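J.: give me a model of this one.
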Amino acid sequence: MRNFLGLFLLITLLTIIPESIGQDVAAVLKKSLLSNYDKSLRPVKSVSTAVNVDFDISLRKVIELAEKAQTFRINIWLRLYWYDEYLRWNASEHGGVDSLTIHSSDVWRPDIFLYNNVAETYGAVEPITAVTVTSAGRVTYLQPAIFTSACPVDISRFPFDKQECILEFGSWAYTRERLNMSLVNPAADRQAFTHNVEWILNGVPMERKEALYSCCPEPYVSILLKLQLERRSFFYMFNMVLPCAILMILNVFGFYIPPDSGERLGFFITILLALVVFLQVLSSSLPKTSTTTPQLGQFFAATIALVGFSCLASIVVIRLSYSSPPSRPLPRWLRLLLLRYLARLFCMNTIAEEKHVDNTEKEGTNRSFDQKSQRNEEEADQDEWKMAALVLDRALMFVVGLASIIVCVMLLR
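T.: The predicted structure is shown next:
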C-alpha cells in the first residue's frame, strides 16, 4: 500500500512541476520582453522599414440598415497579423516556450480606424482582447467589434432594392511608407455569419485602396469592406402590396355598382382613403428625399390616380344619367361612338338595337307641338342619354382594368 502511494505521489509531482516551471519561464520571458518595450513606437528597428499588416475580417451579423438615417451597423471580428521585431526570442533558451499571450494594451498595435464612422465614438479599434506572439515575432490580433458607418441608401427599387454598404478601414497616423496593409483573403469570412431576417447577404468582397489626401504628400492605405445586400420583399408584398392589389381589383369591380344607387361614389372614396393611409405608412419608414421615388410609392401613387379617375368617371356617368330637363338630343357623333361602335365592342348590342328601333319610329311619325308630344320627346332624349351613360360606364371600366394590369406589370417587376 505504501509503495502504491509513493508511486502515485511521484507521478503527480512529475506532472505538475514541468508545468509550473513552464509558467514561471513564460512569466519571466514576458517581463523581460516588456521591460524596455515602448508601445508608442513602430515595432521595427529601422526607421525606413514599413510595418506590413495583414488584414482579414470574419463577418458575424448585420445588425441594422436604417433607411431613414442612412446608417449601417454591423458586428465583425477583425483579424490583424504583423511582425514585431522587439518581441522575438530563442525558444530553446527559454524552456521551449514558443508563444506568449499578452494583452493588446501592452504592445504596439496598428491604429486602425473606420473612416466613414458615424457613431458617437471615433471608430477606433479598442484594445479589448489579448494578442498572441510567437518566438519569431509574429503577432496575431483577433478583435471583436461593432461598427456604425454611413451608407447611402438607394430606394428607387424599394422593396425590391439591392444596397451596397462600404466600410473603409485604415491607419490614421501612418502613411504607406510606415504602415502597409494587405489582404489575407479577397472576401470576408462568412462561416460564423448569422443570417438577417430583413436582408440577404449576396457577397462581401474586400479591396485594397491607396489614396492621396491634401494633408500629406504620401498615400494612405485603406481596406474597403463591401457588403452587397438584397432586401427580403415578402414582408412588404404581404402587408402592403397585396392589400393595395385587392383595393385595385375592387376599384375595377366598383363599376358594377349601378350609378343610380348612390353608393358607387362613396365606395370609390373609401378605397381612396385606404390607399392614402398605406402611402403615409410607407413614407414614414423611408428617407425624406426628393431625388427619387420608391417603386412601391409609385405603385401606390398610380393606384390612387386610378381610383381618382374612377371617381371622376362615376361623376360624369351619374351626370349623364340624370340630365335635368329640358334635355337636348344626344349629338350625332356621340350617338355613333357610344351607341353603335362602343356598344357593339363591349357586347351591349341590345342597347344599340333598341336605340335604332326608337329612331326609326321617331322618324316615321309626324312631330306635333302639343305638350304631350313634347314630353315624350324629352323622355326619349333622357333615355338616350342614360343608354349612352351605360355604354360609357362599361368602356371606362375596361380602361381602368387595363390600366391596372399595366401598372401591376410595370411596377411590380
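J.: okay, and for the stretch 301-413 of the chain, where does confidence drop off?
T.: Applying pLDDT under 70 to the stretch 301-413 of the chain picks out residues 323-328, 330, 347-383.
J.: all strands of the stretch 51-200 of the chain, in order?
T.: Per DSSP state E, counting those that start in this stretch, the stretch 51-200 of the chain carries strands over the ranges 51-66, 71-83, 99-103, 112-114, 130-134, 138-150, 162-171, 179-183, 199-203.
J.: what's across from R231 in the sheet?
T.: When assigned by DSSP bridges, R231 has beta-bridge partners W199.
J.: so for it, what's the pLDDT?
T.: Among the per-residue scores, R231 holds a pLDDT of 93.
J.: ok, the one 3 residues further on next?
T.: F234 is assigned a pLDDT of 90 by the prediction.
J.: likewise for T101?
T.: Reading off the model, T101 has pLDDT 92.
J.: so what's the closest residue to it other than its chain neighbours up against?
T.: Leaving out its chain neighbours, the residue that sits closest to T101 by Cβ to Cβ, 6 or more residues apart in numbering is A130, at 5.1 Å. Bear in mind the C-beta positions are built from the backbone N, C-alpha and C, glycine included. Listed by Cβ atoms under 8 Å, 6 or more residues apart in numbering, the contact set of A130 reads 101-104.
J.: among those, who's most crowded?
T.: The most neighbours of any of those, using other Cβ atoms under 10 Å, belong to S104, which has 20 neighbours.
J.: ok, Q70 - contacts?
T.: Listed by Cβ under 8 Å, 6+ apart, the contact set of Q70 reads 150-153, 287.
J.: got it, and L242?
T.: Counted by Cβ under 8 Å, 6+ apart, L242 has zero contacts.
J.: next SSE after the helix or strand harbouring it?
T.: For L242, the host element (DSSP states H and E) is helix 242-253. Downstream of helix 242-253, the next assigned helix or strand under DSSP H and E is helix 264-284.
J.: give the buried residues for the next helix or strand after that following helix.
T.: Remark: after helix 264-284, the chain's next helix or strand is helix 295-321, criterion DSSP H and E. Using 16 or more other Cβ atoms under 10 Å as the test for burial, helix 295-321 gives 295-297, 299-300, 302-304, 306-307, 309-311, 313-314, 317-318, 320-321.
J.: repeat for stretch 167-182
T.: 167-171, 174-175, 178-181.
J.: likewise for stretch 214-233?
T.: 220-227, 229, 231.
J.: chain center to that stretch: distance?
T.: Relative to its parent chain, stretch 214-233 has a centroid offset of 19 Å by Cα atoms, centre = their mean, to the nearest Å.
J.: what is the burial count for D111?
T.: As a burial measure, D111 scores 13 neighbours (other Cβ under 10 Å).
J.: before we move on, what about F268?
T.: Residues lying near F268 (other Cβ under 10 Å) number 24.
J.: got a list of what it touches?
T.: Contacts of F268 (Cβ under 8 Å, 6+ apart): 251, 254, 307, 310-311, 314.
J.: separation between T134 and D84?
T.: Separation of T134 from D84 (Cβ to Cβ, to the nearest Å) stands at 10 Å.
J.: comparing these two, which residue is more hemmed in?
T.: Neighbour tally, T134 and D84, criterion other Cβ under 10 Å: the higher count belongs to D84, 21 against 17.
J.: excluding its backbone neighbours, what's nearest the more buried one?
T.: Per Cβ to Cβ, 6+ apart, closest to D84 is P43, 3.8 Å.
J.: correct me, but the one you found touches Y83?
T.: Yes - counting by Cβ atoms under 8 Å, P43 touches Y83, with 7.4 Å between them.
J.: overlap of the contact sets of those two?
T.: Residues touching both P43 and Y83 by Cβ under 8 Å, 6+ apart: 51, 137, 139.
J.: give me the mean pLDDT for stretch 277-292.
T.: For stretch 277-292, mean pLDDT rounds to 77.
J.: ok, and what's touching that stretch?
T.: When contacts are defined by Cβ under 8 Å, 6+ apart, stretch 277-292 is touched by residues 67-68, 70, 153-156, 158, 240, 243-244, 294, 296-297, 300-301, 304.
J.: what do you get if the cut-off is 6 Å, keeping everything else the same?
T.: 67-68, 155-156, 297, 300 (Cβ atoms under 6 Å, 6 or more residues apart in numbering).
J.: just give me the residue closest to the centre of the chain.
T.: R231 (4.8 Å; Cα atoms, centre = their mean).
J.: distance of K61 from V51?
T.: K61 sits 31 Å away from V51, going by Cβ to Cβ.
J.: then L279?
T.: In this view, L279 and V51 are 56 Å apart by Cβ to Cβ.
J.: hang on, the earlier thing: of all the contacts of A130, which two lie farthest apart?
T.: The span of the contacts of A130, defined through Cβ to Cβ, is set by T101 and S104 at 10.3 Å.
J.: how about S135, what does it touch?
T.: 89, 91, 98.
J.: give me the buried entries from these.
T.: Neighbour-count burial (16+ other Cβ under 10 Å) applied to the contacts of S135 gives W89.
J.: so P43 and Y83 - more neighbours on which side?
T.: A direct count of neighbours by other Cβ under 10 Å for P43 and Y83 places P43 higher, at 22 against 18.
J.: show me what contacts the more buried one?
T.: Residues in contact with P43 (Cβ under 6 Å, 6+ apart) are 84-86, 108.
J.: switch the cut-off to 7 Å
T.: Residues near P43 by Cβ atoms under 7 Å, 6 or more residues apart in numbering: 51, 84-86, 108.
J.: would you quantify the distance from the residue nearest to T101 to L100?
T.: Distance from A130 to L100, by Cβ to Cβ: 10 Å.
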